[in-house]
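1. sharing a model prediction with you, sequence too.
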Amino acid sequence: MSSREITIAGFLVLGAVMVTLVAASWTGRLPRVGEVVDLLGARRSGRVLVVLAWWWLGWHFLVRTS
């Protein structure tokens with residue numbers, strides 16, 4: 001397998017996991033995304049964690065290299 005095929009397979013797996021988690025939240029087995037965000041936003045450490053996660057995502061997906 002080439003690295004491109006591995007990357008595509010990884011994104012497909014992540015997509016399937018996301019769909020599974022959303023379906024589980026609809027059935028009530030897991031908290032919904034809004035509830036998790038509310039819980040994280042209730043404490044300062046959670047807000048810092050959210051900012052760091054957004055920073056990491058932005059750095060890895062939005063920064064262009066020449």
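-> Structure received.

2. need the phi and psi values for Gly41.
-> phi -80, psi -10 (degrees, to the nearest 10).

3. that one contacts Leu49, correct?
-> No - the pair Gly41 and Leu49 fails to qualify as a contact (CB atoms under 8 Å) at a distance of 10.2 Å. (Each C-beta comes from the backbone N, C-alpha and C, glycine too.)

4. domains of this protein?
-> 1-30, 31-66 (automatic domain parsing).

5. show me which positions of the shortest one end up buried.
-> Burial within domain 1-30, assessed by neighbour count using 16 or more other CB atoms under 10 Å, is assigned to Ser25.

6. may I ask which helix or strand of the protein has the lowest mean pLDDT?
-> Within the chain, no helix or strand scores below helix 33-41, which has a mean of 87 by mean pLDDT, DSSP states H and E.

7. the domains of the chain: lowest mean pLDDT?
-> The weakest mean pLDDT among those belongs to domain 31-66, with a mean of 87.

8. which residue is the nearest non-sequential neighbour of Leu40?
-> Distances taken as CB to CB, 6 or more residues apart in numbering put Gly46 closest to Leu40, at 3.6 Å, once the chain neighbours are dropped.

9. how far away is the one you found from Ala53?
-> 10 Å (CB to CB, to the nearest Å).

10. neighbour count: the two, which is higher?
-> Neighbours per residue, other CB atoms under 10 Å: of Gly46 and Ala53, the larger number sits with Gly46, 15 against 11.

11. before we move on, the earlier item: the residue nearest to Leu40 against Val37, yeah?
-> No - using CB under 8 Å, Gly46 is not in contact with Val37, being 9.1 Å away.

12. circling back: which residues are in contact with the least confident helix or strand of the chain?
-> For helix 33-41, contacts defined as CB atoms under 8 Å, 6 or more residues apart in numbering pick out Ser25, Pro31, Gly46, Arg47, Leu49, Val50.

13. can you name the element that comes right after that helix?
-> helix 44-62 (DSSP states H and E).

14. which other helices and strands contact that next one?
-> Secondary-structure packing of helix 44-62 (3 or more CB pairs under 8 Å, 6 or more residues apart in numbering; DSSP states H and E): helix 33-41.
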